[in-house]
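# test case, fold it:
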Amino acid sequence: MPLEELTLKLDPSDMPEMVSDLIDEADKRDAAFYAAGLGKKYSRYVPSDPTVVHAAIAYLKQAKMLRGNVFCEWGCGFGVAASIAAIHGFESYGIEFVPELADLASQLAEDFDLKVEILNIDYLPEGFDDCEGVGGKDLVPPDPPADPDTFVPHPEYEGLDPSEVDLFYVFPWPGEERLMMDLFEAIATEGSILLIYMGDGELGAFIKDED
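Numbering: from 1, shown residues only. The predicted structure is shown next:
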């Protein structure tokens, strides 16, 4: 598998005021979201630890490990990571399938005057699917063409070419960690990095090597 794990040296305490203010506001909106009973309606929404995400982005930039400045948050929910990336100067995108959550993500970025493009689409590009596997979900890629000489275009999202994304971030649902890593391997290009939040402040980082 052409993924290389990276070692991150994180310092969540070194945080710009704007990032801190954004996280505080997101926490308030998150509390209001659950107080309104929406956590039951959108049971797959669970926030990660944005302080760790900020620290990881800051480290990758400081260590000059990023090939470019395009960021994409898969299953972005409120879009906190996408907004943090925008503060760090990224051309930032969030992908969220639930329209109501996509609207909340857009509103948060707008309220902080951040340019974040929230795409209300599935993070599985056209032709991809998932299925139940052993210990979790597996990625089902598109069927190969019958003619091996047929040109197969790189997977794309409506509004974003994943081959141009330099840094992906995801907090996968339990049992979907392998699915998201396989998706990254399938649609990312050489030099792109995946940050994957494992819960309890644990964050993994992987870079796509040459196929």
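
# hey, let's count contacts and neighbours off CA atoms from now on
Will do.

# give me the phi and psi angles of Asp169.
Rather than Asp, residue 169 is Tyr. Here is the backbone geometry of Tyr169 (degrees, to the nearest 10): phi -140, psi 140.

# an error on my part: the question was meant for Glu110.
Main-chain dihedrals, Glu110, degrees, to the nearest 10: phi -60, psi -40.

# got it, and Ala109?
phi -60, psi -40.

# partners of the one helix or strand Phe71 maps to in the sheet?
Taking DSSP states H and E as the criterion, the element that holds Phe71 is strand 70-74. Applying DSSP bridges, strand 70-74 is found paired with strand 91-95 (parallel), strand 167-170 (parallel).

# turn these into TSV, including mean neighbour count.
Formatted as TSV, the strands paired with strand 70-74 follow (neighbours: other Cα atoms under 10 Å):
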stretch	mean neighbour count
strand 91-95	25
strand 167-170	24
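
# turn those strands into TSV, including mean pLDDT and distance to Asp21.
Converted to TSV, the strands paired with strand 70-74 look like this (pLDDT from 0 to 100; distance: least, Cα to Cα, whole Å):
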stretch	mean pLDDT	distance to Asp21
strand 91-95	98	19
strand 167-170	98	21
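
# need the ones you listed in a markdown table (columns: distance to Leu10).
Listed next are the strands paired with strand 70-74 as a markdown table, based on distance: least, Cα to Cα, whole Å:
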| stretch | distance to Leu10 |
| --- | --- |
| strand 91-95 | 21 |
| strand 167-170 | 16 |
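
# out of those, flag the one nearest Ala102.
strand 91-95 (7.8 Å; Cα to Cα).

# may I have the closest one as PDB, with CA atoms only?
What follows is strand 91-95 as a C-alpha-only set of coordinates in PDB (Å, rounded to 0.1, in the frame of the first residue of the first chain):
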ATOM      1  CA  GLU A  91      -8.100  27.100  -0.100                       C
ATOM      2  CA  SER A  92     -10.500  25.200   2.000                       C
ATOM      3  CA  TYR A  93     -13.400  22.800   1.200                       C
ATOM      4  CA  GLY A  94     -15.800  20.800   3.300                       C
ATOM      5  CA  ILE A  95     -17.900  17.900   2.100                       C
END
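
# residues in contact with it?
With contact meaning Cα atoms under 8 Å, 6 or more residues apart in numbering, strand 91-95 is reached by 69-76, 79, 82-83, 85-86, 102, 115-123.

# quick check on those residues: which are buried?
Neighbour-count burial (16 or more other Cα atoms under 10 Å) applied to those gives 69-76, 79, 82-83, 85-86, 102, 115-121, 123.

# need the next SSE after the lowest-mean-pLDDT helix or strand in the chain, C-terminal direction.
In the chain, the helix or strand scored least confidently by mean pLDDT, DSSP states H and E is helix 38-41, which has a mean of 64. Later in the chain than helix 38-41, the nearest helix or strand by DSSP H and E is helix 50-62.

# please tell me how far that following helix is from the chain's geometric centre.
Centroid separation for helix 50-62 versus its chain: 13 Å, with Cα atoms, centre = their mean, to the nearest Å.

# pull that helix out as CSV, backbone CA atoms only.
The C-alpha trace of helix 50-62 is given here as CSV (Å, rounded to 0.1, in the frame of the first residue of the first chain):
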residue,chain,number,x,y,z
PRO,A,50,-10.3,20.9,16.8
THR,A,51,-7.3,21.9,19.0
VAL,A,52,-5.5,18.7,17.8
VAL,A,53,-6.5,19.4,14.2
HIS,A,54,-5.1,23.0,14.4
ALA,A,55,-1.9,21.7,16.0
ALA,A,56,-1.5,19.2,13.2
ILE,A,57,-2.1,21.7,10.4
ALA,A,58,0.3,24.2,12.1
TYR,A,59,3.0,21.5,12.4
LEU,A,60,2.7,20.3,8.8
LYS,A,61,3.0,23.9,7.6
GLN,A,62,6.0,24.7,9.8
